[in-house]
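Visitor: Structure here, sequence nowhere to be found:
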């Protein structure tokens, strides 16, 4: 088993940094390019949710904890922001709390689709924690 922790400010420019750190950490598991892309997209969505919804224009900390073991990557992304009042409602496709039309409301749906396992725990006024995992299928060796 291997583990890493990453903590950074909720600034938009840190989203790319976060997704690339998690992708680099997953490389020893030998994911396919498609699997790695899935992880990067899911991490981007989770971090963006922290920035846009969790902190909503103010600055705060986002923490990522990753663990790898036997072909599996576990990722936990958390903030100490506003929290989610109704997680079930927030998980519904196209649900968004922003009326400006800039967000599609598909962030959680994308995370669920691209990762093997997914869950959200949140408390209003205390923040949100997204837990995701991806099990990688190693490519079959050439049968020559």
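Guide: Now that the structure is in, tell me what you want to look at. If you're wondering where the values come from, they're calculated on a predicted model, not measured in any experiment. Numbers count the residues shown, from 1 in each chain.
Visitor: In contact with residue 84, which residues?
Guide: By Cβ atoms under 8 Å, 6 or more residues apart in numbering, the contact set of residue 84 is 53, 90, 120, 122, 124, 128. Any C-beta I mention is one placed from the backbone N, CA and C, and that applies to glycine too.
Visitor: distance of it from residue 21?
Guide: Separation of residue 84 from residue 21 (Cβ to Cβ, to the nearest Å) stands at 25 Å.
Visitor: One more: residue 77?
Guide: On the measure of Cβ to Cβ, residue 77 and residue 21 end up 12 Å apart.
Visitor: Count the residues that sit near the closest residue to residue 15 other than its chain neighbours.
Guide: Spatial nearest neighbour of residue 15, excluding adjacent residues (Cβ to Cβ, 6 or more residues apart in numbering): residue 47 at 4.8 Å. A total of 26 residues lie near residue 47 under the criterion other Cβ atoms under 10 Å.
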